[in-house]
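A.B. asks: next comes the sequence, and after it the predicted model I'd like to discuss.
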Amino acid sequence: MSPVIEEHARARLITDGPLTRPVPVDLRYDAADDPRTVHIGLPDGTDWAFGRDLLERGLRTPIERGAVRVWPCGRTQLIVELHSTDGVEVFQFEIRTLIRFLARTRAQAPAANAASSAAAPSSDGSPEKRPSRTRPGPKEAQPDPKGAQPARG
């Protein structure tokens, strides 16, 4: 069983007004749960689960998948835009924080991938995807068919 990687980070919440405000976020990765998924936990308890590759690609080029948009902002910042039924939240991260977190997840991924390759295939021959574990949050969002969504538990 691989350990859960958690990193407390600070992002800036971008608002309509002239000021941004710092907010604490939790970056989380659990290879035993799903080696392809990362989580961003917001202060209100909402937990966004989406593909690790989305963050990795977003470091270099704008990318959108479902309710999540990610793009680099200059050389040192990354923007993560999260869409839900409650509206849009836009966060600005230091790229080095995300690079460090993603490097730690990649170090865990080889062991997790080896374990998941031994998983029993589903009826169509593809590995079954387990639901992600999440923290409870007050926001309710419709599931996104492309897999990027706030998760509730």
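C.D. replies: Received the coordinates, thanks.

A.B. asks: quick check: mean pLDDT of stretch 11-18?
C.D. replies: Mean pLDDT, stretch 11-18: 89.

A.B. asks: do a quick rundown of the helices in this structure.
C.D. replies: Assigned by DSSP state H, the helices in the chain fall at 52-58, 95-117.

A.B. asks: wait, which of these is closest to Ala32?
C.D. replies: Across those, Ala32 has its closest neighbour in helix 95-117 (6.7 Å, C-beta to C-beta). Any C-beta I mention is one placed from the backbone N, CA and C, and that applies to glycine too.

A.B. asks: so where is this protein shaky, pLDDT-wise?
C.D. replies: Filtered on pLDDT under 70, the chain yields the residue ranges 1, 110-153.

A.B. asks: buried ones in stretch 74-91, by neighbour count?
C.D. replies: Of the residues in stretch 74-91, those buried by neighbour count under the rule 16 or more other C-beta atoms under 10 Å are Leu78, Ile79, Val80, Leu82, His83, Ser84, Glu89, Val90, Phe91.

A.B. asks: end-to-end on that stretch?
C.D. replies: One end of stretch 74-91 sits 15 Å from the other (C-alpha to C-alpha, to the nearest Å).

A.B. asks: for stretch 72-80, same thing?
C.D. replies: Start-to-end span of stretch 72-80 (C-alpha to C-alpha) is 9 Å.

A.B. asks: hmm, who's touching that stretch?
C.D. replies: 11, 14, 40, 55, 58-62, 68-71, 90-96, 98 (C-beta atoms under 8 Å, 6 or more residues apart in numbering).

A.B. asks: out of the residues you listed, which are inside strands?
C.D. replies: Using DSSP state E, the members of the contacts of stretch 72-80 that fall in strands are Ala11, Ile14, Ile40, Val68, Arg69, Val70, Trp71, Val90, Phe91, Gln92, Phe93, Glu94.

A.B. asks: nearest to Ala32 among those?
C.D. replies: Distance to Ala32, by C-beta to C-beta, is smallest for Ile40 among the ones in strands among the contacts of stretch 72-80, at 18.9 Å.

A.B. asks: distance of that closest one relative to Asp34?
C.D. replies: 15 Å (C-beta to C-beta, to the nearest Å).

A.B. asks: now do Arg28
C.D. replies: For Arg28, the distance to Asp34 - C-beta to C-beta - is 11 Å.
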